[in-house]
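*Asks:* I'll drop the sequence and a predicted model, then ask my questions.
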Amino acid sequence: MKKNLLFGRLCATLAIAACALSVNAQSLKLESNSGFGLVPATMTANGKARITAVADDGLHIYNTNFIQEKVVSDERGEYVSGYRSETAEVSVTGAKVSKFAVQDFRAQINGEEVSASTLEEARDKVANLYEEMGDDDAVEIFNIEGHSFIYAYSNYEWSYSNSFFMYDLFGKQYPGGSTYGGGSLYVLGDDGYLHYATISYDPVYDASGAVWTVKENNVYTNSEKVTKDIRYKNADTGAAGEDLEICFTQTLFNSDDKWEYIVEKRDGGTLEYASGYSVEQTGLPGGKVLLRRSVQVTTPVTGLKIYSDDGAVVATISADYVSTPESYAAYMSVRGIWRIDGKHYLEVEKDIYNVTGNAKYIYALYLLGEGTSGARMVLEYEAEAEQDNTIYDLSGRRLSEKPASGYYIQGGKTYLAK
């Protein structure tokens, strides 16, 4: 959705609106790519709907006659994200497995799936199949850091440097197991068949006294943005047009006539951690290598802040997560706003990243209007737990079955029982 295109469409709409001074915002057709949003009447101080649009200078608010009432910048504070690459001359002493992955599907060698009761039996079968194919490959069993596997690689001196990790330093100690230039790696699965696997390593090194030099810098400064297109559902009225996407309110967090908006806050300082290593050059004096590392740089999310259009903070919502260099909250977004039985709830997603590369997706429900922070968490669970299909009500209580009526949460989605 390009801002200049939206702004051009907005100007054209304003020209049309000059001839049509009476426009019913509730009946206005708001297409998902139109660039317009609608603040429903229940979210405004005077009970009249408002129209919003995105333009280059910020977020615009119009009345139903398309007369501009307010412009609010869509940017707040700044934060950093990205990575930089650094190099240093260090002594490498070995390698450590950084990833060992086994495929779900079975391996096929010369068109045949291989079954066996032991890894030794499987190795013999693999060697026979390679011999039938006319390949003079070496087929060996390796045991590295608790991982036992079969490795088949071309038995030619010129191919060793591609088949083994850092062959020029460690020889045939660390099988590469890559699809490019390396051999084929097999694991005997619980089903008694061989499966394909891959393995990768990080060098173990002695960096005492090493001086790291920045080689490539990809750390950028970003601006915190107003959260846009939040789904709003008013279950109390059920009125047509109340299942909307909004970014402004006047009555959700307090009762004055100032416009409020939600901003993801990243005011917890900067975290840095080395996420990966690779050897750029070997054969340096003293047996050293030129090691390259990637350093991730990020400002973690600490929560959400709700601003008034005069810049004052009217409420805060904590991410309820302590960020460390090993694990941090990377994103916190509002999935929706729900009005049920006169109460409003924020449905929030928190994405947690860590140095292993595995992300956790945590969903939470906040009841607004309670406590000094302006919100109280009533339910939180991880996305991985969604598959158990546990049913919750909006107070976070587990239900034994779906309710006969009203809203409930199951598998990370909110449903209405009728």
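*Replies:* Received the coordinates, thanks. Numbering: from 1, shown residues only.
*Asks:* okay, CA-based contacts and neighbour counts for the rest of this
*Replies:* Noted.
*Asks:* wait, doesn't residue 352 sit right on residue 331?
*Replies:* Yes - using Cα atoms under 8 Å, residue 352 is in contact with residue 331, at 7.4 Å.
*Asks:* Find residues that contact each of those two.
*Replies:* The overlap between the contact sets of residue 352 and residue 331 (Cα atoms under 8 Å, 6 or more residues apart in numbering) is empty.
*Asks:* What's the separation between residue 339 and residue 369?
*Replies:* According to Cα to Cα, to the nearest Å, residue 339 stands 12 Å off from residue 369.
*Asks:* and stretch 104-118, how far apart are its ends?
*Replies:* Terminal residues of stretch 104-118 lie 19 Å apart, using Cα to Cα.
*Asks:* which other residues reach that stretch?
*Replies:* 122, 125-126, 129-130, 133, 186, 188, 192-196.
*Asks:* Buried residues of that stretch, list them for me.
*Replies:* For stretch 104-118, the neighbour count (16 or more other Cα atoms under 10 Å) marks 106, 107, 114, 115, 116 as buried.
*Asks:* Show me how the protein divides into domains.
*Replies:* Using automatic domain parsing, the domain parsing of the chain gives 1-72, 108-192.
*Asks:* any idea how far the helix or strand containing residue 168 is from the chain center?
*Replies:* If you go by DSSP states H and E, residue 168 is part of helix 167-170. Taking the mean of its C-alpha atoms, helix 167-170 sits 37 Å from the chain's own mean (Cα atoms, centre = their mean, to the nearest Å).
*Asks:* Show me what the helix or strand where residue 317 lies pairs with in its sheet, parallel or antiparallel.
*Replies:* For residue 317, the host element (DSSP H and E) is strand 313-318. The strands beside strand 313-318 in its sheet (DSSP bridges) come out as strand 303-308 (antiparallel).
*Asks:* quick one: average pLDDT of the partner strand?
*Replies:* In this model, strand 303-308 has a mean pLDDT of 90.
*Asks:* contact partners of that strand?
*Replies:* 258-266, 313-320, 332.
*Asks:* where along the stretch 51-200 of the chain do the strands fall?
*Replies:* Assigned by DSSP state E, counting those that start in this stretch, the stretch 51-200 of the chain shows strands spanning 58-62, 68-72, 75-106, 108-109, 112-113, 137-144, 147-154, 184-188, 194-206.
*Asks:* Output the below-cut-off pLDDT ranges for the stretch 251-400 of the chain.
*Replies:* The model of the stretch 251-400 of the chain has pLDDT under 70 over residues 356-357, 370-374, 383-389, 393-397.
*Asks:* what about the strands in it?
*Replies:* Along the stretch 251-400 of the chain, the stretches classed as strands by DSSP E, counting those that start in this stretch are 260-265, 271-281, 289-298, 303-308, 313-318, 327-340, 343-354, 360-368, 375-382, 391-392, 398-399.
*Asks:* Which one of those strands lies nearest to residue 200?
*Replies:* Of all the strands of the stretch 251-400 of the chain, strand 271-281 sits nearest to residue 200, with 10.9 Å by Cα to Cα.
*Asks:* now that closest one, how far from the chain's geometric center?
*Replies:* Counting by Cα atoms, centre = their mean, strand 271-281 comes out at 21 Å from the chain centroid.
*Asks:* Now do the contacts for residue 57.
*Replies:* Contact partners of residue 57, counting by Cα under 8 Å, 6+ apart, are 71, 73.
*Asks:* how about the most centrally placed residue in the chain, what does it touch?
*Replies:* The residue lying closest to the centre of the chain (Cα atoms, centre = their mean) is residue 351, at 5.4 Å. Residues counted as contacts of residue 351 (Cα under 8 Å, 6+ apart) are 329, 330, 331, 332, 359, 360, 361, 362.
*Asks:* ok, residue 334 touching residue 348?
*Replies:* Yes - counting by Cα under 8 Å, residue 334 does reach residue 348; the two are 4.4 Å apart.
*Asks:* ok, back up a step: show me how to select, in ChimeraX, the buried members of the contacts of stretch 104-118.
*Replies:* Burial among those is assessed by 16+ other Cα under 10 Å; the matching ChimeraX selection reads:
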select :122,125,126,129,130,186,188,193,194,195,196
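*Asks:* can you name the two of the contacts of stretch 104-118 that are farthest apart?
*Replies:* Among those, the pair separated by the greatest distance (Cα to Cα) is 133 and 192, at 23.1 Å.
*Asks:* so who does residue 309 touch?
*Replies:* Neighbouring residues of residue 309 by Cα under 8 Å, 6+ apart: 72, 258, 259, 260, 261.
*Asks:* Against residue 70, how distant is it?
*Replies:* Distance of residue 309 to residue 70, computed by Cα to Cα: 9 Å.
*Asks:* repeat for residue 42
*Replies:* 19 Å.
*Asks:* Those two: who's more crowded?
*Replies:* residue 42 (18 against 14; other Cα atoms under 10 Å).
*Asks:* Just the pLDDT for that one.
*Replies:* We note a pLDDT of 80 for residue 42 in this prediction.
*Asks:* my read is it is in a strand, agree?
*Replies:* No - applying DSSP: H, G, I helix; E, B strand; the rest coil, one finds residue 42 to be helix, outside a strand.
*Asks:* what's around residue 174, how many residues?
*Replies:* Neighbours around residue 174, by other Cα under 10 Å: 22.
*Asks:* Please tell me how far it sits from residue 90.
*Replies:* For residue 174 relative to residue 90 (Cα to Cα), the value is 20 Å.
*Asks:* Check residue 338 too.
*Replies:* Using Cα to Cα, residue 338 is found at 56 Å from residue 90.
*Asks:* Can you give me the pLDDT of the closest residue to residue 44 other than its chain neighbours?
*Replies:* Among residues not flanking residue 44 along the chain, residue 250 sits closest, at 4.9 Å (Cα to Cα, 6 or more residues apart in numbering). We have a pLDDT of 89 for residue 250.
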